[in-house]
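Q: structural data only, the sequence is not supplied:
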């Protein structure tokens with residue numbers, strides 16, 4: 001997985017629904033599980049939501065922390 005994709009994943013906000021305006025990495029795991037069960041959208045957002053689902057499912061959130069920290073401080 002490319003770093004650029006993870007940077008974009010961290011910077012993307014949910015464009016609709018109950019969690020509209022939240023960053024994708026802030027979405028609760030049960031919401032991502034619901035998408036997994038119902039089906040992710042067939043577009044880039046769907047791919048990003050599916051990636052976030054896999055990250056949370058496998059306990060890999062620590063991989064995003066340096067990117068989140070870097071974006072907060074303009075790096």
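A: All right, it came through fine. No experiment lies behind these values; they were computed from the predicted model shown.
Q: quick one: contacts of the helix ranked longest in the chain?
A: With secondary structure taken from DSSP state H, the chain has its longest helix at helix 44-57. Applying Cβ atoms under 8 Å, 6 or more residues apart in numbering, the contact partners of helix 44-57 are 1, 5, 8-9, 12, 15, 24-25, 27, 29, 32-33, 35-36, 40-41, 60-61, 63-64. (Glycine included, C-beta is placed from N, CA and C.)
Q: quick check: next helix or strand after that helix?
A: helix 65-72 (DSSP states H and E).
Q: chain center to that next one: distance?
A: A distance of 14 Å separates the centroid of the chain from that of helix 65-72, by Cα atoms, centre = their mean, to the nearest Å.
Q: what is the burial count for residue 58?
A: When counting by other Cβ atoms under 10 Å, one arrives at 9 neighbours for residue 58.
Q: and residue 68, by the same measure?
A: By other Cβ under 10 Å, 16 other residues sit near residue 68.
Q: for this protein, spot the helix or strand the model is least confident about on average.
A: Here the helix or strand of the chain ranked lowest by mean pLDDT, DSSP states H and E is helix 65-72, holding a mean of 83.
Q: model confidence for residue 5, exactly?
A: Looking at residue 5, its pLDDT reads 89.
Q: equivalent analysis for residue 2, please.
A: Looking at residue 2, its pLDDT is 63.
Q: now swap in residue 30 and tell me
A: 96.
Q: that one and residue 7: what is the separation?
A: Residue 30 is 26 Å from residue 7, where distance means Cβ to Cβ, to the nearest Å.
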